[in-house]
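Novice: how would this look folded up:
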Amino acid sequence: MKNRIFALAAARRNAPLLATSALLLTFASSLPAESHRKYDFDFTRVVDSTQGFSDFQTFPAINNKGAVAFVANRSGYGNGVFRARDGEVINIATEHDGLLAFGNDPAMNAAGAVAFTATTGTGSTAIFRSDGLSRVLIADSLVNKLVRIGVGAPSINSAGLVAFQSLRNEPGLPASVFTGSGGPLTTVFSTSSAGFRSFGNVAINNAGTLVFSATLTTGVQGVFKGRSTAEPVLDTNTSPEFGGFGDPVINNAGTVADFASFTSSSGIQIFTGGTRKVSFRNDPTNPAFTETEHPSINNHGAVAFYGFPLTDPNDPTGIFLEVSGGQKLIPVIRPGDPLFGSTVASVDLGRFALNDRMELAFQYVLVDGRSGIAIAAFHGETEEDRDRRY
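Specialist: Residues are numbered from 1 along each chain as shown. Next comes the predicted model:
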């Protein structure tokens with residue numbers, strides 16, 4: 001989804017606030033802290049356009065050590081994938097490595113290995129895994145006979161196993177869900193005359209369980225998870241009020257997060273859960289979001305997502321966090337909010353943007369022209385915290 005620039009009129013500066021704890025903004029520079037919203041977040045600047053970077057892509061990823069992987073242009077290196085932590089930025093792969101046109105949605109595991117897509121010098125689309133020291137080819141559209149423009153975004157687990165979906169360069173353009181770690185690809189699921197018709201992007205957890213959106217040959221749409229056989233988490237067969245599923249994610253407990261269109265209100269429903277057991281994480285009518293980025297989920301079951309209002313430009317727009325297991329959305333950062341001495345023009349985050357330390361990595365553009373990647377750290381109480389306390 002393309003990055004959006006919002007007018008300041010789109011900000012809900014006078015929106016009612018839902019909590020009473022003070023919000024403190026801290027960041028790596030010497031700028032003073034700002035307390036403009038009543039939630040307990042700290043904001044830290046990871047890297048910005050004053051440091052030789054530009055054209056930040058919209059979906060940075062973060063791991064549990066606080067390292068952030070992102071795609072941008074870097075002076076002297078061109079377009080590339082980078083990893084930043086504690087003020088140090090490492091080149092994962094750049095145009096100097098003979099790669100071009102990097103995908104905007106890298107994934108990263110706890111060890112800091114990054115999975116990403118890039119166009120090679122031969123014109124193929126390839127998926128790589130790299131820690132900045134060595135690079136491993138996972139798949140290449142020419143070598144593996146895949147459709148170049150049909151290779152999906154990768155996911156990676158703690159073992160370095162990468163999962164993705166792609167169209168195959170065969171008659172009829174069938175599709176498959178693959179896993180790989182540098183050797184031959186393993187085909188886990190494929191389209192067939194009596195099974196799946198198509199796949200969306202795939203995510204994998206540390207147990208090797210896969211989750212993906214798909215359409216069956218019967219026309220049923222849904223989100224499915226499994227390792228060798230796939231079961232529906234939510235689909236239009238048993239829940240016809242939903243449709244238009246996004247790209248799901250899965251945590252290590254096997255809990256899935258995704259969004260779907262809620263047909264009765266034309267709003268967006270964020271949901272989490274397992275096979276046939278889901279929890280709804282927002283009220284699709286209040287506020288009604290017409291668009292969202294695929295949500296992120298962590299191992300505590302918290303979810304974060306980007307939401308865009310249905311019709312009213314004064315409706316909430318921006319990044320939201322839900323930690324209760326219910327429908328209590330916490331605004332994180334929105335257009336019109338102050339940030340780093342300026343005002344937010346736009347923000348975005350991807351599906352690997354929330355870690356177990358309750359840190360969210362997001363991309364931002366400010367009204368003064370600066371852009372960059374930042375981390376929002378939530379210090380409030382989660383449902384899991386309350387369960388332990390009581």
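
Novice: check the offset of stretch 257-277 from the chain's centre.
Specialist: Computed by C-alpha atoms, centre = their mean, to the nearest Å, the chain-centroid distance of stretch 257-277 equals 16 Å.

Novice: likewise stretch 203-223?
Specialist: For stretch 203-223, the distance from its own C-alpha centre to the chain's C-alpha centre is 16 Å (C-alpha atoms, centre = their mean).

Novice: tell me the mean pLDDT over it?
Specialist: Average pLDDT, stretch 203-223: 98.

Novice: one more: stretch 60-79?
Specialist: For stretch 60-79, the per-residue pLDDT averages 97.

Novice: tell me which residues of that stretch come out buried.
Specialist: For stretch 60-79, a neighbour-count test (16 or more other C-beta atoms under 10 Å) marks 60-63, 66-74, 77, 79 as buried. C-beta: built from backbone N, CA, C; applies to glycine.

Novice: same deal with stretch 360-376?
Specialist: Buried residues in stretch 360-376 (16+ other C-beta under 10 Å): 360-367, 370-376.

Novice: need phi/psi at residue 95.
Specialist: With angles defined as degrees, to the nearest 10, residue 95 sits at phi -60, psi -30.

Novice: apart from its chain neighbours, what residue comes closest to it?
Specialist: Leaving aside its sequence neighbours, residue 95 sits nearest to residue 78 (C-beta to C-beta, 6 or more residues apart in numbering; 3.5 Å).

Novice: that neighbour touches residue 97, doesn't it?
Specialist: No - in this structure residue 78 lies outside contact range of residue 97 using C-beta atoms under 8 Å: 9.9 Å.

Novice: next, give phi and psi for residue 300.
Specialist: Torsion angles, degrees, to the nearest 10, at residue 300: phi -90, psi 0.

Novice: what about it, how many neighbours?
Specialist: Residue 300 has 20 neighbours, counted by other C-beta atoms under 10 Å.

Novice: just to revisit the earlier point, residue contacts, the residue nearest to residue 95?
Specialist: Shown in contact with residue 78 (C-beta atoms under 8 Å, 6 or more residues apart in numbering): 94-96.

Novice: switch the cut-off to 10 Å
Specialist: Residue 78 is in contact with 94-97, 99-100, 102, counting by C-beta atoms under 10 Å, 6 or more residues apart in numbering.

Novice: tell me how far the residue most central in space within the chain lies from residue 117.
Specialist: With distances taken as C-alpha atoms, centre = their mean, the chain has residue 351 as the residue nearest its mean C-alpha position (1.6 Å). Distance, residue 351 to residue 117, by C-beta to C-beta, to the nearest Å: 15 Å.
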